[in-house]
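In: Just need the structure, nothing else, for what follows:
(one chain, ligands or ions: 1)
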Amino acid sequence: MKTYVVGNWKLNFTVGEASIYLHKLLKRLPVYRDVEVVVAPPFIALQSLSLQIDRHKLKLASQDGYYKDFGAYTGETSFSQLRGLVNYAIVGHSERRYVFHEDDKTIAKKVAAAVRNKITPILCVGETESERAFGEMKDLIRDQVIGGLREVADDNLDKVVIAYEPVWAISSVKGAKSASPEEVAEVIRLIRETLVDAYGRNAAEKVPVLFGGSVNSANVGGYLTIPGVNGVLVGGASLILQEFTDIIEIAKRVRV
Ligand code: PEP
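Out: Numbers count the residues shown, from 1 in each chain. Sure thing, here's the model as predicted:
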């Protein structure tokens, strides 16, 4: 399996800044066949960046998408409109869940709509600090994994990626802490077991599971050597060119 390095730019960069950043990134990046580099710019930059990128070096992701194809849904962008522009879509990011109140039912529809439109959803799951403190982490992760995949046919499971992102470890969250390798390993195992129980071992083993939460060039090597971690989802550090290229190079060297 490839090692994934996904950069989530969130609500950062103008279209011009995004283009300049990507130009510099492409200049530095060789073609790495065993590392899948993906960036998720703001929607408004996707069209122009899709003309600029070398898809042998990196792929584009959207940060979200709407499950209806067309219609009276002001402000939304559908996966059918994103088809051909992006290869991946982040779905169910904790900021969508907690700032924009998306539930597992909505997220399941988005995951299915992405798959239907030949876009690989990166389904994000993760507990808050208080959910962990109250002993709800395991049930919540299982619910988010099973709930998010509910509308995906069994034979399409190989078209999804899952990212474990504990909300308490996301760098922009107040008082964020780094997750320890043991904490990450436990949840990665839980995600894999949940997939095995629901879909069988063969299918479950084909699903890439990423980790995200304050990943940077200093800690990425450690996270990538945790058994079962197939890559990283990077927020803040993906906005800094040197950091992001260092992370990609380390991922190439560590190679899970
Ligand atoms: C994220 O929000 O997806 C994320 C991983 O952010 P950060 O790396 O900044 O913690």
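In: any idea where the strands of the protein begin and end?
Out: Ranges of strands within the chain are 3-8, 35-40, 59-62, 88-91, 120-125, 161-164, 209-212, 231-234, based on DSSP state E.
In: The fifth one pairs with which strands?
Out: Strand 120-125 sits in its sheet next to strand 88-91 (parallel), strand 161-164 (parallel), going by DSSP bridges.
In: and what of the last one?
Out: Here strand 231-234 has these sheet partners by DSSP bridges: strand 3-8 (parallel), strand 209-212 (parallel).
In: Please list the residues of this structure that sit near the ligand.
Out: Contact residues (CB under 6 Å from any ligand atom) of the chain with the ligand: 8, 165, 170-172, 212-215, 233-237. Every C-beta, even on glycine, is put in place using the N, C-alpha and C of the backbone.
In: quick one, what contacts the nearest residue to Ser214 once chain neighbours are set aside?
Out: Leaving aside its sequence neighbours, Ser214 sits nearest to Ser171 (CB to CB, 6 or more residues apart in numbering; 4.5 Å). Going by CB atoms under 8 Å, 6 or more residues apart in numbering, Ser171 touches Gly213, Ser214, Gly235, Gly236, Ala237.
In: do the same with Met137
Out: Met137 touches Glu127, Glu131, Val187, counting by CB under 8 Å, 6+ apart.
In: ok now do the last one, which residues does it touch?
Out: If I follow you right, that is Val187. Met137, Ile141, Tyr164, Pro166.
In: The first one and Val187, how far apart?
Out: It stands for Met137. 7 Å (CB to CB, to the nearest Å).
In: just the last one next, same as before
Out: As for Pro166, its distance to Val187 is 7 Å (criterion: CB to CB).
In: related to what we said a few turns ago, got JSON lines for the strands of the chain, with mean neighbour count, distance to Asp197 and mean pLDDT too?
Out: Shown next, in JSON lines, are those (neighbours: other CB atoms under 10 Å; distance: least, CB to CB, whole Å; pLDDT from 0 to 100):
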{"stretch": "strand 3-8", "mean neighbour count": "26", "distance to Asp197": "24", "mean pLDDT": "98"}
{"stretch": "strand 35-40", "mean neighbour count": "24", "distance to Asp197": "27", "mean pLDDT": "98"}
{"stretch": "strand 59-62", "mean neighbour count": "24", "distance to Asp197": "28", "mean pLDDT": "98"}
{"stretch": "strand 88-91", "mean neighbour count": "27", "distance to Asp197": "22", "mean pLDDT": "98"}
{"stretch": "strand 120-125", "mean neighbour count": "26", "distance to Asp197": "15", "mean pLDDT": "98"}
{"stretch": "strand 161-164", "mean neighbour count": "26", "distance to Asp197": "14", "mean pLDDT": "98"}
{"stretch": "strand 209-212", "mean neighbour count": "26", "distance to Asp197": "15", "mean pLDDT": "98"}
{"stretch": "strand 231-234", "mean neighbour count": "28", "distance to Asp197": "23", "mean pLDDT": "98"}
